[in-house]
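> Pasting the sequence and the predicted coordinates here, then a few questions.
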Amino acid sequence: MIPIKPFDTYKWRWLSVAPTESLLSPPVLLGVLRVLARHEGQPPSAPNITDELRKVQTDTKTTVNLARTANRNIIRNSGQYWKGTGLLTPDRGVIHLTSLGQSLASGQVTQGEFAALMIQQTVLPNTWTYTSDEIMKWKAANLEIRPLALILAIITELGIHHGNGKEAFLTPHELIQIVIPLAGTKKSPTEIAGYLAKYRQGALDISAWPNCAPDANDRRLAREFLLFLSNFGVCRKVEKDRKLNERYYLDELCDNAALQAGTSASIFTDAKSSQEAIEVVRHSPLPSIIERQRTSITILRRLNQAKFRTIVLKKYSGRCFLTGEEIPEVLEAAHIIPVEHGGADSSDNGICLRSDIHRLFDSGNIRIKPTGELKFSDVVVASKNYSALPPKIIIPGFVNPVNIDWRDAYY
């Protein structure tokens, strides 16, 4: 079957008509969000906001010019990255975070929970990058697509039914040339995975298929869906010779039921509905699937972990910094600034933690403020198992305070 476009302008766009891929990096997205949280009620062009955005740019080493000028900073120019993800209200002229935005900025909602919400709640078409005329075309075709959930469902199908798990990946080229056209015909994840398997075997000719990303910018926009999944640790990106050939692997396959929202509540409406969506996603398996995937990816990046563990445990006298646990088998060395963001394998960037505390620290459920105060996510606060954790600790003198500051601001 050669798929037919549901309408002439059918394409996938999510957050912008002029994508800035680096904004989907968690330290940048969260760093800017926390600047906004500190200046709610102010205009985006306020000079102190511009100064803080410049600091985020320096600290995260992003190539994106976040500050520019007061009248053309990143919020004035690309605010849809925060509005389109339900973090910032659409109010013009003044900064207002949504309920979700405030919870993510404060750490009550973790990165993993945020990623799970995006997977379940992101729907095409959206009001941020589609005109009213385009949205009408989608409605006339009775077409609505949850792109992130669909991508993960397709990769899961590939992993289960094709290639004994080795085929559990998707490339931007395959997304653009095969997935998007077939999604426009309302094919199921199982059906789309079957087409992909034939294509990889050389048994599918797509030369006559419609081009749903005719411009270079369209291809960048489509790739952003995979970039988000990679940047938030849902998929593992394997670099290739060209960006369109990158492979985005799913190491832990998802039960497709976990990808569904499970509620009609939306993070894009009001605070009550947003809170309901957050509570529903917390009781679904998806956040834990994402955290396990992130953990496995992080371990792969820690090439010098054994040496780092030895250095850190010696510095902390073989004792968990937060619980006092001394059993060596459950003690691990945690990076303050993660390796993937330039963190060093040195004692001034390390904390000795019990394995479960390490997982909670890495997932953002436990945060250490520069003052030594501990901040806990709503999930940890609700758990009786962690009620004995101290509210405040004394940060050792050998720990670089710059690292603590960076972690608190950008992770």
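That came through, no problem. Numbering: from 1, shown residues only.
> Kindly indicate whether the residue nearest to L36 when sequence neighbours are not counted is helix, strand or coil.
Spatially, and ignoring its direct neighbours in sequence, L36 is nearest to I95 (5.2 Å; C-beta to C-beta, 6 or more residues apart in numbering). Any C-beta I mention is one placed from the backbone N, CA and C, and that applies to glycine too. Recorded secondary structure, I95: coil (DSSP: H, G, I helix; E, B strand; the rest coil).
> wait, what's in contact with I95?
L36, H39, E40, G41, Q42, P43, P44, I49, I75, L88 (C-beta atoms under 8 Å, 6 or more residues apart in numbering).
> What residues are bridge-paired with the last one?
Beta-bridge partners of L88, counted by DSSP bridges, are L97.
> I'd like to know how many residues surround G350.
By other C-beta atoms under 10 Å, 26 other residues sit near G350.
> Could you report the separation of the nearest residue to it once chain neighbours are set aside from L175?
In space, and not counting its chain neighbours, G350 is closest to V312: 3.7 Å by C-beta to C-beta, 6+ apart. Distance of V312 to L175, computed by C-beta to C-beta, to the nearest Å: 40 Å.
> try T58
T58 is 34 Å from L175, by C-beta to C-beta.
> Who has more neighbours out of these two?
Remark: of T58 and L175, L175 carries more neighbours, 26 against 11, as counted by other C-beta under 10 Å.
> Correct me if wrong: that one contacts A222.
Yes. When contacts are counted by C-beta atoms under 8 Å, L175 is listed as touching A222 (5.7 Å).
> just checking, next helix/strand downstream of the one helix or strand L158 maps to?
Secondary structure assignment for L158, by DSSP states H and E: helix 147-161. Downstream of helix 147-161, the first helix or strand assigned by DSSP H and E is strand 169-170.
> give me the low-pLDDT residue ranges for the stretch 101-250 of the chain?
Within the stretch 101-250 of the chain, not a single segment meets pLDDT under 70.
> Do you have the helices of it handy? List them.
Applying DSSP state H, counting those that start in this stretch to the stretch 101-250 of the chain gives helices spanning 111-121, 132-140, 147-161, 172-174, 180-183, 189-200, 216-231.
> In a markdown table: these, plus mean neighbour count and distance to G262.
Below are the helices of the stretch 101-250 of the chain laid out as a markdown table (neighbours: other C-beta atoms under 10 Å; distance: least, C-beta to C-beta, whole Å):
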| stretch | mean neighbour count | distance to G262 |
| --- | --- | --- |
| helix 111-121 | 25 | 7 |
| helix 132-140 | 13 | 24 |
| helix 147-161 | 23 | 12 |
| helix 172-174 | 22 | 28 |
| helix 180-183 | 25 | 22 |
| helix 189-200 | 19 | 18 |
| helix 216-231 | 21 | 20 |
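> of the ones you listed, which approaches C254 most closely?
Relative to C254, the nearest member of the helices of the stretch 101-250 of the chain by C-beta to C-beta is helix 147-161, separated by 5.0 Å.
> and the angle for that closest one with helix 111-121?
90 degrees (axes from the mean of the first three to the mean of the last three C-alpha atoms, to 10 degrees).
> Report the contact partners of the nearest residue to V238 once chain neighbours are set aside.
Leaving out its chain neighbours, the residue that sits closest to V238 by C-beta to C-beta, 6+ apart is R247, at 4.3 Å. R247 sits next to F169, L170, T171, K237, V238, K240 when contact means C-beta under 8 Å, 6+ apart.
> In contact with the spatially most central residue of the chain: list those residues for me.
Closest residue to the average C-alpha location of the chain: F232 at 3.0 Å, with C-alpha atoms, centre = their mean. Going by C-beta under 8 Å, 6+ apart, F232 touches P26, Q111, G112, F114, A115, M118, I290, R294.
> Nothing else from me, thank you.
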